[in-house]
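# my questions are about this predicted structure, shown below with the sequence.
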Amino acid sequence: MKHYPSRLYTIPMAAVLAFALDASAADQTAANQTVATPPSDFFTKPNWLTDLSLGVKEGYDDNLLLVADKTPGLAAKSSWITTVSPKVGFNFAPLIGDQKVLQTLSLSYTPDFNLYHDDSQESYNAHRVANSVKGSAGDFSFSGDNAFLYNDGSRTAPIYAVSQAAGANNSLDKNRSAYATAVPRERRDQIQDRTSLVFQYDIDKFFIRPTASLLYYDLMTDWHKAAAATVPGGPSWVGYQNYASRADVNGGADFGYKVTSDLALTLGYRYGHQYQQAFTPTVDSTYHSSSDYQRVLVGVEGTPLSWLNVKVLGGPDFRNYNDTAPLNDKNYNTYYGEALLTATISKDQTVSFTYKQWQWVSSTGKCPYFESTYILNYHWNATKHWGFDLTGKYLESDYTSGSAAEAGTSYLRDDIQYTAGAGVTYTFNKHLSANVSYAYDLGRNNEDAAAIAATAGYRNFDHQLVSLGVQYKF
């Protein structure tokens, strides 16, 4: 049974921009007038109401399924997209009374209502709920963060096929990039949950920090055997993409030494489990690649320079996969690493670098893969009104690291995505702003094995996304 997300019809973008210009002109007129008392807003937020805003955005996506757009093969589909994003946020700590233990007790709700005008199956409503608690008492401190997402989207996954008609040549687009399936997956019906808990006890220059984290994907799209109809008159699901749920949970502790008051070295340990859902026998192979792992992590964190903040963590990852995992080596060692560096070039310019490499299970089933992410961001507040952003990304999904046991070209996979993005924000006043953004993605095959030479080009794609939006903050 098909599931159609609710639709939301919005006010025209032109009307929103007209309102923005009128508001800016009104602010300038008020600034040039002499008044007896300072002007006041029509609504003043209480200190426990941290966010109250409404955003409207119009965008265009030129390749919804990130296909190669080759002939023969599946042609790229495009669509205009309208997104409406209200937000409300609270911090209840000020309401507790005269206490100093809790600094933050926050809750926020940020939905995105996304209407794809030219492909209704891609429309979805994303409901995001985030909460955070932070506090301290003497030498003891703690924090907990949770980000919950429920997508009200289609339960029918993408179909990568030129045609469902009998005799159609659909053998090429099944060789698509791993990133081709990841983007439309995020628009489908699902639940995601990200949670982290951190406790810390300081003893002079040393500290101990127990920690735990959860990453959970419940992908609720329907499963179908990706083949032609097996009974006369039955539906054909050639090219259908099945998705498997997955999760990662771990716990452990870090032991730290403060080299200075602003810089610390850490040694940590994590024990964790990764879960991958198995498909039913009528859909696909029933094996899965769940595993237990242990990590030994060395890190550095703090501000080694007045303008530089760093947090770097990395070390060996020892794996133990289940008996049904399609791997030659079910007990092998890999690597885990993550980093966040922020450089404040001036009071108006910052550069940040984010990095992560780890072993993860695939949402499309079968083999695990080694995932690498490198992101570089630059932000510049050029004037009181103008802000500029530049972004560069390098992503890699290497499926050859698991030493797959089964024969077949589907395991000969090493996919890369390059992304270049830019954004310009104009702030009319403290309430109203507008933004224009653009991103260009290049998906490229990085596997040079001769076995995939004939289909390597179908793992490549080009993708562009442009948007114009306005936001009003109360």
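Cool, the structure landed.
# hey, which helix or strand in the protein has the poorest pLDDT?
helix 13-31 (a mean of 42; mean pLDDT, DSSP states H and E).
# now residue 76: how far from residue 67?
6 Å (CB to CB, to the nearest Å). Heads up, the C-betas are built off the backbone N, CA and C, glycines and all.
# higher neighbour count, the two?
Ranked by neighbour count (other CB atoms under 10 Å), residue 76 and residue 67 place residue 67 first, with 24 against 18.
# in the stretch 351-474 of the chain, which spans are helices?
Read by DSSP state H, counting those that start in this stretch, the stretch 351-474 of the chain holds no helices at all.
# which residues of it score low on pLDDT?
401-411 (pLDDT under 70).
# could you rerun that using 90?
364-367, 399-413, 447-457 (pLDDT under 90).
# that one: strands as residue ranges?
Using DSSP state E, counting those that start in this stretch, the strands of the stretch 351-474 of the chain run over 368-381, 386-398, 414-427, 432-445, 461-473.
# sheet partners, orientation included, of the fourth one?
Same thing as strand 432-445. Strand 432-445 sits in its sheet next to strand 414-427 (antiparallel), strand 461-473 (antiparallel), going by DSSP bridges.
# any idea which element residue 182 lies in?
helix 178-185 (DSSP states H and E).
# run through who's touching that helix.
Residues from elsewhere that reach helix 178-185 (CB atoms under 8 Å, 6 or more residues apart in numbering): 64-67, 122, 157-158, 160, 219, 241, 243, 362-364, 369, 395, 397, 399, 413, 415, 417, 441, 443, 461, 463.
# let me have the strands of the stretch 351-474 of the chain in JSON lines, extended by mean neighbour count and distance to residue 201.
Shown next, in JSON lines, are those (neighbours: other CB atoms under 10 Å; distance: least, CB to CB, whole Å):
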{"stretch": "strand 368-381", "mean neighbour count": "17", "distance to residue 201": "32"}
{"stretch": "strand 386-398", "mean neighbour count": "16", "distance to residue 201": "37"}
{"stretch": "strand 414-427", "mean neighbour count": "17", "distance to residue 201": "41"}
{"stretch": "strand 432-445", "mean neighbour count": "18", "distance to residue 201": "42"}
{"stretch": "strand 461-473", "mean neighbour count": "18", "distance to residue 201": "39"}
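# for residue 228, find the nearest of those strands.
The closest of the strands of the stretch 351-474 of the chain to residue 228 is strand 461-473. By CB to CB, the value is 25.8 Å.
# the inter-axis angle of the closest one versus helix 178-185?
Strand 461-473 runs at 40 degrees relative to helix 178-185, counting by axes from the mean of the first three to the mean of the last three CA atoms, to 10 degrees.
# using CSV, write out every CA atom in strand 461-473.
The C-alpha coordinates for strand 461-473 follow below in CSV (Å, rounded to 0.1, in the frame of the first residue of the first chain):
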residue,chain,number,x,y,z
PHE,A,461,26.8,11.4,-11.2
ASP,A,462,26.5,15.2,-11.2
HIS,A,463,24.1,16.9,-8.9
GLN,A,464,23.2,20.5,-8.3
LEU,A,465,20.9,22.0,-5.6
VAL,A,466,20.1,25.7,-5.4
SER,A,467,17.8,27.5,-2.9
LEU,A,468,16.5,30.9,-1.9
GLY,A,469,15.0,31.4,1.6
VAL,A,470,13.9,33.9,4.2
GLN,A,471,13.7,33.6,8.0
TYR,A,472,11.9,35.6,10.6
LYS,A,473,13.0,35.3,14.2
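# tell me the gap between it and the middle of its chain.
In terms of CA atoms, centre = their mean, to the nearest Å, the centre of strand 461-473 is found 16 Å from the chain centre.
# returning to that earlier point: mind checking which of the strands paired with strand 432-445 is nearest residue 281?
Across those, closest to residue 281 is strand 414-427 (CB to CB), at 28.1 Å.
# any weak-confidence spans in the stretch 151-300 of the chain?
161-175, 226-236, 238, 282, 284-288.
# list the contacts of stretch 224-239.
74, 159-161, 164, 166, 168, 170, 173-174, 240-242, 282-284.
# nearest to residue 187 among those residues?
Comparing the contacts of stretch 224-239 against residue 187 with CB to CB places residue 241 closest, at 12.4 Å.
# that closest one touches residue 173, doesn't it?
No. Assessed by CB atoms under 8 Å, residue 241 is found out of contact with residue 173, at 10.5 Å.
# quick check: neighbours shared by the two?
What both residue 241 and residue 173 touch, as defined by CB under 8 Å, 6+ apart, is the set residue 160.
# pull the CA atoms of the helix holding residue 182 into PDB?
Extracted in PDB, the C-alpha atoms of helix 178-185 (Å, rounded to 0.1, in the frame of the first residue of the first chain):
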ATOM      1  CA  ALA A 178      26.500   4.200  -2.900                       C
ATOM      2  CA  TYR A 179      25.700   7.900  -2.500                       C
ATOM      3  CA  ALA A 180      23.000   7.700  -5.000                       C
ATOM      4  CA  THR A 181      20.800   5.700  -2.600                       C
ATOM      5  CA  ALA A 182      21.800   7.700   0.500                       C
ATOM      6  CA  VAL A 183      20.200  11.000  -0.500                       C
ATOM      7  CA  PRO A 184      16.600   9.700  -1.400                       C
ATOM      8  CA  ARG A 185      16.800   7.400   1.600                       C
END
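# could you tell me the angle between it and strand 386-398?
Using the same axes, to 10 degrees: helix 178-185 against strand 386-398 is 120 degrees.
# next SSE downstream of helix 178-185?
strand 190-203.
# neighbouring strands - and their directions - for that following strand?
In the sheet, strand 190-203 lines up with strand 140-152 (antiparallel), strand 206-219 (antiparallel) (DSSP bridges).
# what's the closest of the ones you listed to residue 272?
strand 206-219 (8.4 Å).
# quick one: buried residues of that closest one?
By 16 or more other CB atoms under 10 Å, the buried positions in strand 206-219 come out as 207, 209, 211, 212, 213, 214, 215, 216, 217, 219.
# now the first one, which residues is it bridged with?
Taking DSSP bridges, one finds residue 202, residue 256 as the beta-bridge partners of residue 207.
# sorry, back to before: biggest separation within the contacts of stretch 224-239, which pair?
Maximum pairwise distance in the contacts of stretch 224-239, criterion CB to CB, is 25.5 Å, between 74 and 282.
# ok, the two, which is more surrounded?
residue 74 (24 against 10).
# three-state assignment of that one?
coil (DSSP: H, G, I helix; E, B strand; the rest coil).
# got phi/psi on it?
When read as degrees, to the nearest 10, the backbone of residue 74 gives phi -80, psi 130.
# with the one 3 residues further on instead?
Dihedral pair for residue 77: phi -100, psi 140, per degrees, to the nearest 10.
# dump the residue contacts of the closest residue to residue 385 other than its chain neighbours.
Closest residue in space to residue 385, ignoring its immediate chain neighbours: residue 427 at 5.2 Å, by CB to CB, 6 or more residues apart in numbering. By CB under 8 Å, 6+ apart, the residues touching residue 427 are 384, 385, 386, 387, 433.
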